[in-house]
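In: 3D, please:
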Amino acid sequence: MLTSSSFLHQGQAYENINGGTVMKIRGILVSGVLAFAFVFGLSNQGKATETISLTAIDGYPPKSMWVDRFIKFFIPEIDKGLAKSGNYKIKWNQAWSGQIAKKKKVLQGVQKGLGDIGVVTTVFHGSRVPLQMIAYATPFVTVDPGLVSRTVDELVRDYPAFKKDWAKFDQVYLTNLAVLDTYQMFFKEPVKAVSGFKGKKIGVAGMNALYMKNLGAATVGGSFVTYYNKVKTGVIDGFMLWPEAVTAFKMQEVAPYMLRANIGTVNSKAVTMNAKTWAKLPAEVRKVIEETSIKYRDHVAATAMKKADASYSKFKEKGGTIFEMTEGQRQGWASSMPNVAKTWADGLDKKGIPGNKILSAYMDTMRANGQKILRQWDKE
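Out: Sure thing, here's the model as predicted:
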């Protein structure tokens, strides 16, 4: 194969009318930039594309919206970004549905290097990555997943403590995901008001249990892939979830009554990479992954809203009944809760993390964006 230098020896350079040069290449005269481009292109012919193997993990199945979007949006977008230079490509090993790590063990799976990149369900790890609980600590504030996910990433940028939490577990934080429009309540028997929670066993995840305090309900920890069987077998009477997940997993078959409370959306996921894997990646690959992660974040939020609009109708079409809470009832519920946000923030302050500053910054952003806030968590 000819190199650029050997090729140059074969061409003849001439001065052109503008004082530049032209080159005679195989009998064709080409000028300045074109000659360089031709020779540079030839010198790069045959350059091998480096293949990098990455394993992506989550304990949830591909039917879950964010996993579906990882497969159909995140991976293709990264592949497309790398194809622009052709220097690198990724060989993806996809391990969903708990093939490598169960739902509550993805953080540990990425930490151990069993997965190079993972979608961590942060609600299961409130003690490990407590700053990720910001939206869980502030219910009845917003039903805009895009706003929440962007705001959290702004906080990550402004407060190093966010990334330090992940570094303790040998992970590099890429972004967060808000995968739902808002939590609602679902029951196997009709419940038309918060007063109906009394005596019920209600499935919740993480900090959601605090929303039930003072309401006479017993909370049972779990995740949405277990709720169908738990209701069917009488382990729980209902659960807190979002409609898109309910209809996707046909849970209206066992819990056909929705109490539409619009409790709020949350940043329930984080996309992270194993720190050792990240350090070995070429800068070009890291840049594409970082940029695509933000695109994925926004795409997931938009998808959540799009699917939410249809899921309420689908719930009813499949035999479900929706009871609407009044604004007064929603306000009453919000006011009855302990101040979970201040408790959360004060606990962080005691550890030297600026929890109250972060809480105020989050709430300030929500207020600045005109959200219908039922409780000013940072001002009590």
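
In: quick one: buried residues of stretch 337-351?
Out: Under the neighbour-count criterion of 16 or more other C-beta atoms under 10 Å, stretch 337-351 has 337, 340-342, 344-345, 348 buried. C-beta coordinates here come from the backbone N, C-alpha and C atoms, glycine included.

In: Check stretch 219-234 too.
Out: Of the residues in stretch 219-234, 219-220, 222-228, 230-231 count as buried by neighbour count, 16+ other C-beta under 10 Å.

In: could you dump the buried residues of stretch 337-351 to JSON lines with distance to residue 359?
Out: As requested, these are arranged in JSON lines below (distance: C-beta to C-beta, whole Å):
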{"residue": "337", "distance to residue 359": "15"}
{"residue": "340", "distance to residue 359": "11"}
{"residue": "341", "distance to residue 359": "6"}
{"residue": "342", "distance to residue 359": "8"}
{"residue": "344", "distance to residue 359": "8"}
{"residue": "345", "distance to residue 359": "4"}
{"residue": "348", "distance to residue 359": "9"}
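
In: Could you dump those into TSV and include pLDDT, distance to residue 236 and secondary structure?
Out: As requested, the buried residues of stretch 337-351 are arranged in TSV below (pLDDT from 0 to 100; distance: C-beta to C-beta, whole Å; DSSP: H, G, I helix; E, B strand; the rest coil):
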residue	pLDDT	distance to residue 236	secondary structure
337	94	21	coil
340	95	22	helix
341	97	26	helix
342	97	29	helix
344	97	25	helix
345	98	30	helix
348	98	31	helix
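
In: Could you pull out the helices in this protein for me?
Out: Ranges of helices in the chain, per DSSP state H, are 4-10, 32-43, 65-69, 75-83, 106-111, 145-158, 161-167, 224-232, 243-248, 275-280, 283-317, 327-336, 340-350, 355-368.

In: Just give me the lowest mean pLDDT stretch among those helices.
Out: Here the helices of the chain differ in mean pLDDT, and the lowest is helix 4-10 at a mean of 35.

In: quick revisit: out of the buried residues of stretch 219-234, who's nearest residue 190?
Out: Residue 190 lies nearest to residue 231 out of those, by C-beta to C-beta, at 14.3 Å.

In: circling back: tell me which of the helices of the chain approaches residue 191 most closely.
Out: Comparing the helices of the chain by their distance to residue 191 (C-beta to C-beta), the top pick is helix 327-336, with 12.0 Å.

In: which outside residues touch the closest one?
Out: 139-140, 193-194, 211, 214-215, 261-262, 325, 374-375 (C-beta atoms under 8 Å, 6 or more residues apart in numbering).

In: Tell me which of these has the lowest pLDDT.
Out: The member of the contacts of helix 327-336 with the lowest pLDDT is residue 214, and it reads 89.

In: Would you list the buried entries among the contacts of helix 327-336?
Out: Taking 16+ other C-beta under 10 Å as the criterion, what is buried in these is 139-140, 194, 211, 215, 261-262, 325, 374-375.

In: Which member of those is positioned nearest residue 291?
Out: When the buried ones among the contacts of helix 327-336 are compared for distance to residue 291 (C-beta to C-beta), residue 139 comes out closest, at 32.2 Å.

In: what about the closest one, distance to residue 110?
Out: As defined by C-beta to C-beta, to the nearest Å, residue 139 lies at a distance of 28 Å from residue 110.

In: Pretty sure residue 239 sits against residue 228.
Out: No: the pair residue 239 and residue 228 fails to qualify as a contact (C-beta atoms under 8 Å) at a distance of 9.6 Å.

In: I'd like to know which of the contacts of helix 327-336 is nearest to residue 62.
Out: Lowest distance from residue 62 to the contacts of helix 327-336 (C-beta to C-beta) belongs to residue 262, with 28.5 Å.

In: contacting residues for the closest residue to the closest one other than its chain neighbours?
Out: For residue 262, ignoring the flanking residues on the chain, the nearest one in space by C-beta to C-beta, 6 or more residues apart in numbering is residue 182 at 5.0 Å. When contacts are counted by C-beta under 8 Å, 6+ apart, residue 182 is found next to 143, 242, 262-265, 308.

In: Out of these, who's the most crowded?
Out: Neighbour counts for those were taken using other C-beta atoms under 10 Å; the highest belongs to residue 265, with 28 neighbours.

In: Spit out the contact partners of it.
Out: Contacts were defined as C-beta under 8 Å, 6+ apart; by that measure residue 265 touches 135, 142-145, 148, 178, 180-183, 304.

In: one more time with 6 Å, if that's ok
Out: Counting by C-beta atoms under 6 Å, 6 or more residues apart in numbering, residue 265 touches 143, 145, 148, 178, 180-182.

In: Please report how far the nearest residue to it once chain neighbours are set aside lies from residue 88.
Out: Leaving out its chain neighbours, the residue that sits closest to residue 265 by C-beta to C-beta, 6+ apart is residue 145, at 4.7 Å. Going from residue 145 to residue 88 by C-beta to C-beta gives 32 Å.

In: Looking at these two, which is more packed in?
Out: Regarding residue 145 and residue 88, a neighbour count based on other C-beta under 10 Å identifies residue 145 as having more, with 30 against 17.

In: Many thanks, have a good one.
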